[in-house]
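Enquirer: Build me a structure from this.
(one chain, ligands or ions: 1)
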Amino acid sequence: MDTDMDYERPNVETIKCVVVGDNAVGKTRLICSRACNSTFTQYQLLSTHVPTVWAIDQYRVCQEVLERSRDVVDEVSVSLRLWDTFGDHHKDRRFAYGRSDVVVLCFSIANPNSLNHVKTMWYQEIKHFCPRTPVILVGCQLDLRYADLETVNRARRPLGRPLKPSDILPPERGREVAKELGIPYYESSVCDQFGIKDVFDNAIRAALISRRHLQFWKSHLKKVQKPLLQAPFLPPKSPPPIIKIPNIPCISESASVQLLEKPLCADVMFLLKDIQIFAHIIYLATSSSKFYDLFLMDLSEEFQDTDEKMKKSGKDLPVRTFSLDTDEDIGEGTARNSHFSLRTYKSVGFLKMIDHENEEPVVQGKELSLWCKLFGSIHKEIVANPVMQRKRPMSVVKVDHSVQPGPFLAVLKFLYSGQLDESEKDLMRVAQIAEILEVFDLRMMVENIMNKEAFMNKEITKAFHVRKTNRMKECLYKGTFSDVTFKFDDGAINTHKPFLIFSCEWMAAMFGGSFMESSNDEIFVVIYSCFAFCLVFSYKYSYVSISHLHVYRMALLCYTKIVTISKSVILTEQHAVQEMSKISVSGVDIDGEVIMYLELAQFHNAHQLAAWCLHHICTNYNIICSKFRKEIKATSP
Ligand SMILES: Nc1nc2c(ncn2[C@@H]2O[C@H](COP(=O)(O)OP(=O)(O)OP(=O)(O)O)[C@@H](O)[C@H]2O)c(=O)[nH]1
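Expert: Alright, predicted model coming up:
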């Protein structure tokens, strides 16, 4: 192709730019950077120097170089022809200077001699060969001013002499020389990609201004400005913190069964004869509609406990007979063998309300035997939690005498985890209880096991969790069965301790007994500590990106406060303050472990943000993690 096309194109100004300066100051790299867009790391630059002249012929052989030579500066289309030269003082550069439009005179900011030679040798040579050509002065290798010289020297060792701090020239030194010579001054770094455009755009300006003087009829040069001042170089930021994304905690489905084994914050107690089983209403109600209805029953009507009634009237309980009654033995053996500590029941006291007219205590409760043959009655009572020994009102459900603890527990486990142990001995009874409680997926699981098709149960478990998650969401939205309220400056959220405990170690610590909050059913969170709590949460369970620095700082401040009371803490107060000083938009590195990104912009207020976090703790427990994991990859530097 016709590479000299530009010469013929009207209004395209071809500019011959000659680059001169001492050996190894960085001329060739500067040219390549402009002409080929080549970028180098500092290490690559340091470990290679071959005295070179970048071939002028490149414009003929390399299409990219030709294309990159074209530019528009101050609305003038130009074609920049760069001429590299030898740095050797004794070489003849007459050929290069001939018909030049601008000379870029280079020195290295890490080589004072190269700057001395600007005055003593280069400027004179230029004035000798092309007295009217404009010149600009360029301090190359700017990055060395901010580099760790020890590292630089180690990398340069086989080549030149080591750099001393006294070799590094401040910008004033270059500026002084330029001022003395009456020419513009720029600095550049090939590895930081700083100043390259400044150098060549302004070289072009200098050339065009000079051309405008000679070719005054060229009206398209009207708008060309004098070479501009260079914007200052911003010293490099400290390297971004290393982002290590901790493994997403894999919350196994069976982990929720642990909550049944160690029933923190239990709010329902089942009584099977004299055995107590503690559980969580929210877990049962979101996986069985029978339980959902049971726990929403209005217990305000007058009720007398069946057992007490019997005692009073001196009669025995009527023996109820239904299909579960295959065996009068209550299955103590099963109970003892199970992991669950089945406790012997001793009543602590009914929640009695005094009916002032009759002065008769009224117990809140309800007979259930007609409603569901599994249960005798339900009432409210003050009961001590078996783990924390803290008393609180609980729903007490008396289970029919015919029901055996083993199978009943297997059903509860299923309601928590969606899983059924294949080795469960009493599968038939499990199925019967499931049938009565209308937990049909469990009954199907039993059938599958019996038909030796247990592999199909995985699908049932999956579907179970999808359904359960949806019901959890609904309970969260409506506050149904909520046992704790988070109060913010700007709103309140009703949520469920059991879910929080299950999904978040920090919550487990808070509600686990050691803190005041464990017994409160209202938690006051000021606006910023709400963020903090979200951060603590996000530390473990999701990764969100932050853009709101101010809020982030506040959050970190409060983070310390909250974190210092929590067991799962890794931050000390001092540490967090240090972290705050390191804050960059990209995030913060805590103990070299975690970066938190919190996109606060999408939330209008703390309430929304907290609601969002709680929502995710309570519902999407493991789905959400992978989703956010993807997002952090996209946002991490
Ligand atoms: N750190 C750093 N090193 C650079 C930079 N530019 C060039 N260098 C290094 O400085 C040395 C000289 O670079 P060249 O571009 O070959 O220098 P030159 O002025 O063309 O040298 P001669 O061809 O000998 O005249 C090489 O080792 C480059 O890697 C820069 O911006 N920063």
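Enquirer: rest of the way, CA atoms for contacts and neighbours
Expert: Will do.
Enquirer: Low-confidence stretches in the stretch 251-400 of the chain?
Expert: In the predicted model of the stretch 251-400 of the chain, residues 251-255, 301-363 satisfy pLDDT under 70.
Enquirer: same deal with the stretch 51-200 of the chain?
Expert: 51-61, 157-160.
Enquirer: could you pull out the strands for it?
Expert: 70-73, 76-83, 102-108, 135-140, 185-187 (DSSP state E, counting those that start in this stretch).
Enquirer: Dump those strands into CSV; add distance to the ligand and mean neighbour count as well.
Expert: Formatted as CSV, the strands of the stretch 51-200 of the chain follow (distance: least, C-alpha to the nearest ligand atom, whole Å; neighbours: other C-alpha atoms under 10 Å):
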stretch, distance to the ligand, mean neighbour count
strand 70-73, 22, 16
strand 76-83, 11, 21
strand 102-108, 8, 26
strand 135-140, 6, 27
strand 185-187, 9, 25
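Enquirer: would you turn those strands into JSON lines with distance to residue 195?
Expert: JSON lines is the format used below for the strands of the stretch 51-200 of the chain (distance: least, C-alpha to C-alpha, whole Å):
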{"stretch": "strand 70-73", "distance to residue 195": "16"}
{"stretch": "strand 76-83", "distance to residue 195": "17"}
{"stretch": "strand 102-108", "distance to residue 195": "13"}
{"stretch": "strand 135-140", "distance to residue 195": "9"}
{"stretch": "strand 185-187", "distance to residue 195": "6"}
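Enquirer: Can you tell me the closest non-neighbouring residue to residue 264?
Expert: Leaving aside its sequence neighbours, residue 264 sits nearest to residue 387 (C-alpha to C-alpha, 6 or more residues apart in numbering; 6.2 Å).
Enquirer: quick one: the one you found from residue 262, how far?
Expert: 7 Å (C-alpha to C-alpha, to the nearest Å).
Enquirer: domains for the chain, by residue range?
Expert: Using the TED database, the domain ranges for the chain come out as 13-221, 267-300+365-476, 482-541, 545-636.
Enquirer: Might one say that the residue nearest to residue 264 is in contact with residue 263?
Expert: Yes - here residue 387 lies in contact with residue 263, judged by C-alpha atoms under 8 Å, at a distance of 6.6 Å.
Enquirer: Of the two, give the one with the bigger neighbour count.
Expert: residue 263 (20 against 14; other C-alpha atoms under 10 Å).
Enquirer: The more buried one sits in which helix or strand?
Expert: For residue 263, there is no host helix or strand (DSSP states H and E).
Enquirer: ok, it - contacts?
Expert: 278, 279, 280, 385, 386, 387 (C-alpha atoms under 8 Å, 6 or more residues apart in numbering).
Enquirer: quick one: contacts of stretch 90-98?
Expert: Defining contact as C-alpha under 8 Å, 6+ apart, one finds that stretch 90-98 is touched by 18, 83, 85, 86, 126, 129, 130.
Enquirer: and residue 388, which of the three is it?
Expert: Here residue 388 is recorded as coil under DSSP: H, G, I helix; E, B strand; the rest coil.
Enquirer: ok, it - how many residues close by?
Expert: Neighbour count for residue 388, taken as other C-alpha under 10 Å: 16.
Enquirer: Over to residue 269?
Expert: Residue 269 - counted by other C-alpha under 10 Å - has 24 other residues nearby.
Enquirer: Looks to me like it is in a strand.
Expert: Yes - counting by three-state DSSP, residue 269 is found in a strand.
Enquirer: any idea how far it lies from residue 30?
Expert: 79 Å.
Enquirer: And for residue 438?
Expert: Distance from residue 438 to residue 30, by C-alpha to C-alpha: 78 Å.
Enquirer: Likewise for residue 466?
Expert: Taking C-alpha to C-alpha, one finds residue 466 at 60 Å from residue 30.
Enquirer: So which of these two has more stuff around it?
Expert: residue 30 (28 against 14).
Enquirer: What sits closest to that one if chain neighbours are left out?
Expert: Residue 30's closest residue in space is residue 190 (C-alpha to C-alpha, 6+ apart), at 6.3 Å.
Enquirer: ok, the one you found touching residue 33?
Expert: Yes - counting by C-alpha under 8 Å, residue 190 does reach residue 33; the two are 6.7 Å apart.
Enquirer: what about the two, which has more around it?
Expert: The neighbour count for residue 190 versus residue 33, taken as other C-alpha under 10 Å, is higher for residue 190 (26 against 19).
Enquirer: From residue 25, how far off is the more buried one?
Expert: Using C-alpha to C-alpha, we find residue 190 at a distance of 12 Å from residue 25.
Enquirer: joint contacts of these two?
Expert: residue 141.
Enquirer: what's the spacing between residue 410 and the ligand?
Expert: Using C-alpha to the nearest ligand atom, to the nearest Å, residue 410 is found at 70 Å from the ligand.
Enquirer: Looks to me like that residue is in a helix.
Expert: Yes - assigned with three-state DSSP, residue 410 falls within a helix.
Enquirer: While we're on it, how confident is the model there?
Expert: At residue 410, the pLDDT value in this model is 94.
Enquirer: Check residue 434 too.
Expert: 95.
Enquirer: Report the buried residues of the helix or strand that contains it.
Expert: Using DSSP H and E, residue 434 sits in helix 427-436. In terms of neighbour count (16 or more other C-alpha atoms under 10 Å), helix 427-436 has its buried residues at 427, 428, 429, 430, 431, 432, 433, 434.
Enquirer: Identify the residues contacting it?
Expert: 323-324, 372-374, 407-408, 410-411, 440, 442-443, 446.
Enquirer: Can you tell me which of these is nearest residue 206?
Expert: Nearest to residue 206 among the contacts of helix 427-436 is residue 442, at 84.0 Å by C-alpha to C-alpha.
Enquirer: Okay, buried residues for stretch 277-295 please.
Expert: Those would be 277-288, 290-292, 294-295, for stretch 277-295 by 16+ other C-alpha under 10 Å.
Enquirer: if we look at that stretch, which residues are touching it?
Expert: Counting by C-alpha under 8 Å, 6+ apart, 260, 263, 265-271, 342-343, 412, 415-416, 437-439, 464, 467-468, 471-472, 481-482, 496, 498 sit against stretch 277-295.
Enquirer: Any of the residues you listed buried? List them.
Expert: Buried among the contacts of stretch 277-295 by 16+ other C-alpha under 10 Å: 260, 263, 265-271, 342, 412, 415-416, 437, 439, 464, 468, 471-472, 481-482, 496, 498.
Enquirer: need the contact list for residue 74.
Expert: Residue 74 touches 223, 224, 225, counting by C-alpha under 8 Å, 6+ apart.
Enquirer: ok, now with 7 Å
Expert: By C-alpha atoms under 7 Å, 6 or more residues apart in numbering, residue 74 lies in contact with 223, 224.
Enquirer: where's residue 82 relative to residue 203, distance?
Expert: 11 Å.
Enquirer: My error: substitute residue 439 in the last question.
Expert: On the measure of C-alpha to C-alpha, residue 439 and residue 203 end up 81 Å apart.
Enquirer: do residue 463 as well
Expert: Applying C-alpha to C-alpha to residue 463 and residue 203 gives a distance of 69 Å.
Enquirer: More neighbours: which of those two?
Expert: Between residue 463 and residue 203, counted using other C-alpha under 10 Å, residue 203 has the larger neighbour count: 28 against 14.
Enquirer: I'd say the more buried one and residue 102 touch.
Expert: Yes - with contact defined as C-alpha atoms under 7 Å, residue 203 counts as touching residue 102 (6.3 Å).
Enquirer: Run a quick neighbour tally on residue 462.
Expert: Neighbour tally, residue 462, other C-alpha under 10 Å: 14.
Enquirer: so which helix or strand takes in it?
Expert: Per DSSP H and E: helix 457-478 holds residue 462.
Enquirer: quick one: average pLDDT of that helix?
Expert: 84.
Enquirer: Likewise for stretch 232-248?
Expert: 46.
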